[in-house]
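>>> what shape does this take:
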Amino acid sequence: MPESMSAATSDARSPMHSFPTICTPRGPVPQAAPRWNPQRSSSMPSHRYRSAFDRVAVPLTGRSWPQARIERAPLWVPVDLRDGNQALAEPMDTPRKRRMFDLLVAMGFKEIEVGYPSASRTDFDFVRHLATSGAVPDDVTVVVFTPARADLIDRTFESVAGLDRAVVHLYIATAPVWREVVLGRDRAGVHGVVLDAARQMDRLARARPGADIRFQFSPEVFNLTEPDYVLEICDSLTELWDASPDRPVVHNLPATVEIATPNVYADQIEYMHRHLARRDSVILSVHPHNDRGTGVACAELAVLAGAQRVEGCLFGNGERTGNVDLVNLALNLHAQGVDPMIDFSDIDEIRRTVEHCNRLPVPPRHPYGGDLVYTAFSGTHQDAISKGFARRADGASELWEVPYLPIDPADVGRTYEAVIRVNSQSGKGGIAHLLRTGHGVDLPAGMRAEFSRTVQEATDDSGAEATGKDLWNLFEAAYLVPGRDGGIALTSWSAQTGPAGEHRIVCTLRVDEREGDYEGTGSGPVTAFADALAAAGVEAAVLELPEQRPDGTGTTTAYARCRVGGRERWGAGRDASGVAASVAAVLSAVNRARG
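Below you'll find the model as predicted:
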């Protein structure tokens, strides 16, 4: 192969790179497509799949969930230690499980699924550790998970011996494909297995009269199961376990594999909510997964539809694309003015702990917890955020109303330092914000555009982000040192005020390597300095001279916009003396205009 061809075809960044033809849509434009949409049929075999509507019919009319509002948090139940743990390449050992459990308790979770004790010695030992170590607070209930098999139910009850409170969670797959392919049973056969398991659980719980043992049932793959069949099984268990308002049963309805838009799941949940027997004795729970990327939407709509309890994982860990993300869900409520009833005030410590226990990273764009979720690089975003912060500093309402930031980063323990970061996409507002917050330099509005061009050139050349230190170095080089290496330099000067109020400046100037003594007069020290420049042969008009008050170190920053020979430029000066800062700003602007 010729060297030139090899280089062109091996570099994916090359403009000559082409994708494989297999990825190119080759079908016709659909006849019903409007003229503005020229998309063609793809080569993917979409015809092999059925829609959810073809697989499950939901007999629901008169929906109420679209008009509902979430006004209080559901009961959150983290399943990181069971469902999330089963999804790890390297499942947690007891020390990592204990660290995760302690985190969940500290955050305020009151019901925690802690394991699948019949599945492994590690899970069994961890439940025993909790039962014997006193690690479970009095107001926290642990949940243990078991399939509908007699020997595994016995093992599960062994694991919780000694615990004052527990929920034993029974599950079996109920959807047609699972019944036929996995279990080899019809509807009646699966129902019979569930009833036998439920009776066994009831006997074992009654054998421990001093313990508060409640029951939970999950018809696995609920969202692909016939609604009438799920209702039949759930109602039979509610009766068998003699559920009551003070000892309710949990019916947990999983979207085990997401197969439809979230509104379909909401319809399914509302149907169950309306038709479950002894509704005041049932806690209606949901367990969404994220195969379609809509797990959070499914959970929120399910709560609107009547769900009272939500199972999920911190940051969405779980099989395939994960369980629903409890961090995202709870902080969504917080952003709507609803107390999530869970403490996320140190989101970075929560994330560090979860990453340690799961040995999986949290992506930088992950909602609320990622490194970059409160960071703006875009100029328009930065300008809006900067103005929002400025408005709050002026004593605006207590309500949080900062553009592009749905919550105050401080609520979750983040500082404002990384809210605005500068690269080649950034604009004048963000650059000015960083100089103001990081270095106390508040650029006048007219100066921001000029300095942003300097930053743009630097970031375009480097292709990298400009840190706060980088911005200061650019500002210092552009405005605070002009004239040191040529141009006009002020070697020495003194100012006097005459008896009539006129100002007089006597100074030594070096102009283009020629040094001389000059003096000027005016109504103020700056106009007097401009007069001295004119005496040296430099005609400069001072157009603007905003001055910034002294900062915490007593330093004044002054800014000047000057016109020299038809060119206008800004300059800046910093000094303990306001007059000296103003003179330095004029000199900076003049040098930049002549440069």
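>>> low-confidence ranges in this structure?
Along the chain, segments meeting pLDDT under 70 span 1-27, 53, 396, 417, 420-428, 481-486.
>>> let's see the helix or strand where Glu457 lies as CSV, backbone CA atoms only.
When secondary structure is defined by DSSP states H and E, Glu457 falls within helix 445-462. The C-alpha coordinates for helix 445-462 follow below in CSV (Å, rounded to 0.1, in the frame of the first residue of the first chain):
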residue,chain,number,x,y,z
ALA,A,445,-18.4,46.6,29.6
GLY,A,446,-16.6,48.2,26.7
MET,A,447,-13.3,46.6,27.7
ARG,A,448,-14.6,43.0,27.9
ALA,A,449,-14.9,42.5,24.1
GLU,A,450,-11.4,43.8,23.5
PHE,A,451,-9.8,41.5,26.1
SER,A,452,-11.9,38.5,25.0
ARG,A,453,-10.3,38.8,21.5
THR,A,454,-6.9,38.5,23.2
VAL,A,455,-8.0,35.4,25.1
GLN,A,456,-9.7,34.0,21.9
GLU,A,457,-6.4,34.2,20.0
ALA,A,458,-4.5,32.5,22.8
THR,A,459,-7.0,29.6,23.2
ASP,A,460,-7.3,29.2,19.4
ASP,A,461,-3.5,28.9,19.2
SER,A,462,-3.2,26.5,22.1
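>>> other SSEs contacting that helix?
Helices and strands touching helix 445-462, by 3 or more C-beta pairs under 8 Å, 6 or more residues apart in numbering; DSSP states H and E, are helix 428-439, helix 468-475, strand 556-564, strand 567-575. The way it works is simple: take the backbone N, C-alpha and C, and place the C-beta from them, glycine included.
>>> mind listing what the third one pairs with, with the direction of each?
By that I understand strand 556-564. Strand pairing for strand 556-564, using DSSP bridges, gives strand 541-544 (antiparallel), strand 547-548 (antiparallel), strand 567-575 (antiparallel).
>>> now what about the shortest one, what contacts it?
For strand 547-548, the external contacting residues (C-beta atoms under 8 Å, 6 or more residues apart in numbering) are 441-442, 556-559, 578, 581-582.
>>> next one: stretch 96-109
By C-beta under 8 Å, 6+ apart, the residues outside stretch 96-109 that reach it are 76-78, 80-81, 85, 92, 112, 114-115, 126, 129-130, 135, 137, 140, 314, 341-344, 350, 353-354, 356-357.
>>> dump the residue contacts of Ile407.
By C-beta under 8 Å, 6+ apart, Ile407 lies in contact with 331, 334-335, 368, 400.
>>> of those residues, which pair is most distant in space?
Greatest spacing in the contacts of Ile407, by C-beta to C-beta: Tyr368 and Trp400 (14.3 Å).
>>> look at those two and report which has more neighbours.
Just comparing Tyr368 and Trp400: by other C-beta atoms under 10 Å the higher neighbour count belongs to Tyr368, 24 against 16.
>>> okay, now the residue lying closest to that one once chain neighbours are set aside: neighbour count?
Nearest non-adjacent residue to Tyr368, counting by C-beta to C-beta, 6 or more residues apart in numbering: Leu331, 4.5 Å away. Neighbourhood size, Leu331 [other C-beta under 10 Å]: 22.
>>> ok, which stretches of the stretch 51-200 of the chain are strands?
75-78, 111-115, 141-147, 165-173 (DSSP state E, counting those that start in this stretch).
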